[in-house]
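[1] The following block contains a protein sequence and its predicted model.
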Amino acid sequence: MGDQLSALDATFLELEEADQSAHMHIGGVIVLDPQPGGGAPPIDQIRRDVIARLPDLPRYTQRLSSARTGGLHWPSWEEDTDFRVERHVRVAGLHAPGGIEELTEWAGDYYSQRLDRTKPLWEMTILVLADGRWAIVTKTHHCMIDGIGSVDMATLLLDTQPERRTASVDHSSNGDSPERDRIPAPHQTAATGWRRALSSVARPPLAAGHAAVRVAQKGLHAAESAVGVAVHPQRAREGAHRSRALAELLVRDELIAAPRCSLNQPIGAGRRLAVLRVGLADLKTIKNSLGGTLNDVVLAATAGGLRRLLIHRGEDLPEVGLRAMVPVNIRTAGDRLAMGNKISSLFVHLPVAEGEPGDRYERQIEEAESLKAGTQATGSSTLIEITRHMPPVIHSFMARSMYATRLFNLTITNVPGPQTPLYYFGSRVREIWPLVPIAAEHAIGLAVFSYDGTLFFCINADRDTVPDLEVLEAGIADSVSELHDLAAARAG
């Protein structure tokens with residue numbers, strides 16, 4: 001039998017099973033310069049290259065032993081004896097005129113479709129734009145990997161120099177393909193999909209719903225014993241600290257609910273994307289002048305955008321702010337290329353009621369400082385550890401409560417990427433748009449990825465309940481500009 005899913009990895013399968021509107025895949029859109037002859041490399045060449053790197057990515061030739069969770073044991077990973085790379089690395093085309101706008105629309109439709117659980121849970125699609133540039137669009141199920149891990153593993157596919165790394169390929173594999181034509185130009189073909197090169201995002205929040213709180217309380221002692229907390233006095237003190245942290249988490253983020261707003265209502269299965277590009281130097285100017293961190297700038301700008309959206313919709317602005325779930329990377333250096341999820345979460349309040357950009361930014365910094373001084377991250381990690389010991393039949397209730405609307409209004413993830421150029425088959429990577437999934441009754445998720453001097457803000461929104469996505473996009477852009485002007489004025 002292969003490796004068994006962890007309880008945390010299985011959470012993302014359970015969320016899909018609980019609601020048809022939840023699509024728990026992460027992904028990314030990578031836009032590259034044209035090949036010397038224009039467009040993309042031949043598809044069979046890309047497939048051969050992917051096959052050559054699969055030995056370093058074992059999950060990519062494995063499928064779940066069972067398409068559904070439940071019962072007494074988690075599904076395991078087992079080899080797909082019928083694996084064929086052409087099922088996962090495909091070609092698609094864009095509607096005319098075949099520009100960035102059409103690519104964005106295509107990606108929204110693509111991410112509206114779930115992965116097939118009877119096959120390895122990843123896809124990759126190659127498209128060509130009208131101006132000769134080309135794109136790699138990836139989709140990977142969150143049960144396989146988190147956003148930080150996907151960034152690390154992108155180094156297996158992308159190069160730091162224009163010269164392509166060579167890799168020996170077993171020509172007896174099913175990577176051979178008679179399809180040697182170049183990728184068709186936009187508007188010549190329809191759509192389909194890929195999965196993993198660089199993507200973004202991560203998630204799980206961790207707090208519990210009413211029934212789950214009682215389960216957690218009863219399971220805490222058993223979980224601590226299983227981990228060996230009480231064996232040594234130092235570990236006993238650590239256990240007490242973790243117990244207090246868990247209690248603080250449950251009181252702050254379960255008993256005190258996130259404010260009600262239109263971001264949290266039943267959603268559909270369709271998705272829309274919006275992509276905002278901001279110079280990293282501009283955000284550093286804000287940080288250096290006004291204090292805080294780059295993440296504070298991202299959160300404050302997002303708060304400004306959400307404020308505009310709520311005002312546009314005629315809604316009251318909650319004084320306590322909207323509550324965002326922000327994933328936290330807990331990978332060690334040795335975990336860089338490990339599969340699965342290595343994350344915890346923080347719940348951060350976004351001060352949308354503050355009208356002045358400077359005051360809003362100050363409130364955001366204060367919120368960040370209070371979290372740093374608190375124990376919320378420890379509480380989240382403790383809850384993850386507790387749920388790890390629950391059988392699947394019970395864990396599914398916890399999984400749903402972990403993503404309940406009373407816990408958070410939206411997800412925001414900020415993943416740092418390389419600040420030097422990357423290449424694939426000699427084509428320079430120009431843009432990378434990350435994707436964070438949205439759970440049931442959460443209409444918006446924001447993923448931010450920094451690459452080569454630019455931050456890419458990618459908003460993943462429900463197509464049915466967010467017809468005004470452009471309002472949020474413009475609001476975030478204007479908030480960045482307001483903060484930049486304020487920083488320049490103070491520096492001058």
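    Right, received. Where do you want to start?
[2] just for the chain, where's the confidence low?
    1, 146-155, 165-255, 329-344, 373-403 (pLDDT under 70).
[3] Walking through it, point out its helices one by one.
    Along the chain, counting by DSSP state H, helices occupy 7-18, 43-53, 100-110, 147-154, 210-227, 233-250, 280-290, 294-312, 357-373, 376-388, 392-402, 469-491.
[4] For the longest one, report the contacting residues that lie outside it.
    What it means is helix 469-491. 272, 274, 276, 278, 282-283, 285-286, 288-290, 297, 300-309, 312, 357-358, 361, 444, 457, 459, 461, 466 (Cβ atoms under 8 Å, 6 or more residues apart in numbering). In short, each C-beta sits where N, CA and C put it, glycine included.
[5] again, only this time at 6 Å
    Helix 469-491 is touched from outside by 272, 274, 276, 278, 282, 285-286, 289-290, 301-302, 304-305, 308-309, 312, 357-358, 461, with contacts defined as Cβ atoms under 6 Å, 6 or more residues apart in numbering.
[6] What's the PyMOL line that selects buried ones from the residues you listed?
    Of the contacts of helix 469-491, the buried ones can be selected in PyMOL as follows, counting by 16 or more other Cβ atoms under 10 Å:
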select buried, resi 272+274+276+278+282+285+286+289+290+301+302+304+305+308+309+357+358+461
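[7] Does Asp128 touch Trp134 like I think?
    For the record, residue 128 is Val, not Asp. Yes: applying Cβ atoms under 6 Å, one finds Val128 in contact with Trp134, separated by 4.8 Å.
[8] who touches both of these two?
    39-40.
[9] So those two - more neighbours on which side?
    Val128 (27 against 24; other Cβ atoms under 10 Å).
[10] What separation do you get for the more buried one and Trp106?
    12 Å (Cβ to Cβ, to the nearest Å).
[11] can you check Ile30 too?
    For Ile30 relative to Trp106 (Cβ to Cβ), the value is 14 Å.
[12] Next: Ser427.
    Ser427 sits 19 Å away from Trp106, taking Cβ to Cβ as the criterion.
[13] Ok, Ile476 next?
    For Ile476, the distance to Trp106 equals 23 Å [Cβ to Cβ].
[14] Check Val471 too.
    Distance, Val471 to Trp106, using Cβ to Cβ: 23 Å.
[15] More neighbours: those two, which one.
    Taking other Cβ under 10 Å, Val471 and Trp106 do not tie; Trp106 has more neighbours (24 against 18).
[16] Can you give me every residue that contacts the more buried one?
    Leu94.
[17] Pull up the gap between it and Arg271, please.
    Here Trp106 is placed at a distance of 11 Å from Arg271 (Cβ to Cβ).
[18] ditto for Ser6
    Distance, Ser6 to Arg271, by Cβ to Cβ: 27 Å.
[19] And for Glu16?
    Going from Glu16 to Arg271 by Cβ to Cβ gives 14 Å.
[20] what do you get for Ile432?
    Using Cβ to Cβ, we find Ile432 at a distance of 18 Å from Arg271.
[21] Comparing these two, which residue is more hemmed in?
    Neighbours per residue (other Cβ under 10 Å) separate Ile432 from Arg271, with Ile432 holding more: 28 against 24.
[22] what's across from that one in the sheet?
    Ile30 (DSSP bridges).
[23] OK, contacts around it?
    Taking Cβ under 6 Å, 6+ apart as the test, what Ile432 contacts is 28, 30, 198, 449, 451.
[24] again, only this time at 8 Å
    Ile432 makes contact with 28-31, 198, 200, 417, 449, 451, 456, according to Cβ under 8 Å, 6+ apart.
[25] now swap in Val466 and tell me
    By Cβ under 8 Å, 6+ apart, Val466 lies in contact with 272, 443-444, 472.
[26] mind redoing it with 6 Å?
    So Val466 contacts Ala443 (Cβ under 6 Å, 6+ apart).
[27] ok, so what distance separates it from Leu309?
    Taking Cβ to Cβ, one finds Val466 at 9 Å from Leu309.
[28] same check, this time on Pro34
    Taking Cβ to Cβ, one finds Pro34 at 37 Å from Leu309.
[29] Ala96 too?
    Taking Cβ to Cβ as the measure, Ala96 falls 31 Å from Leu309.
[30] got it, and His88?
    On the measure of Cβ to Cβ, His88 and Leu309 end up 37 Å apart.
[31] who touches the spatially closest residue to Ile459 that is not a sequence neighbour in this structure?
    Distances taken as Cβ to Cβ, 6 or more residues apart in numbering place Ala274 nearest to Ile459, at 4.5 Å, with adjacent residues excluded. The contact partners of Ala274, by Cβ under 6 Å, 6+ apart, come to 459, 469, 473.
[32] let's see 8 Å
    Neighbouring residues of Ala274 by Cβ under 8 Å, 6+ apart: 104, 458-459, 461, 469-470, 472-473.
[33] Which among the residues you listed count as buried?
    Among the contacts of Ala274, the ones that count as buried by 16+ other Cβ under 10 Å are 104, 458-459, 461, 469, 472-473.
[34] Widest-spaced pair of those residues?
    Between any two of the buried ones among the contacts of Ala274, the greatest separation by Cβ to Cβ is 14.6 Å, found for Thr104 and Leu472.
[35] Between Val128 and Trp106, which contacts overlap?
    Common neighbours of Val128 and Trp106, using Cβ under 8 Å, 6+ apart, are Leu94.
[36] that older thread, now, among the contacts of Ala274, which is nearest to Tyr60?
    Taking the contacts of Ala274 together and measuring to Tyr60 by Cβ to Cβ, the closest member is Cys458, at 23.4 Å.
[37] so the closest one bridges to which residues?
    Val275, Ala447.
[38] and Lys109, how many neighbours does it have?
    To be clear, residue 109 is Asp; Lys isn't right here. As a burial measure, Asp109 scores 14 neighbours (other Cβ under 10 Å).
[39] State the distance from it to Thr81.
    Distance, Asp109 to Thr81, using Cβ to Cβ: 32 Å.
[40] Same check on Gly314?
    Distance from Gly314 to Thr81, by Cβ to Cβ: 57 Å.
[41] before we move on, what about Arg53?
    Using Cβ to Cβ, Arg53 is found at 20 Å from Thr81.
[42] Those two - which one has more neighbours?
    The residue with more neighbours, out of Arg53 and Thr81, is Arg53; 15 against 7, by other Cβ under 10 Å.
[43] What sits closest to that one if chain neighbours are left out?
    In space, and not counting its chain neighbours, Arg53 is closest to Leu156: 5.1 Å by Cβ to Cβ, 6+ apart.
[44] what's the closest non-adjacent residue to Asp56?
    Excluding its sequence neighbours, the residue lying closest to Asp56 (Cβ to Cβ, 6+ apart) is Leu156, at 5.4 Å.
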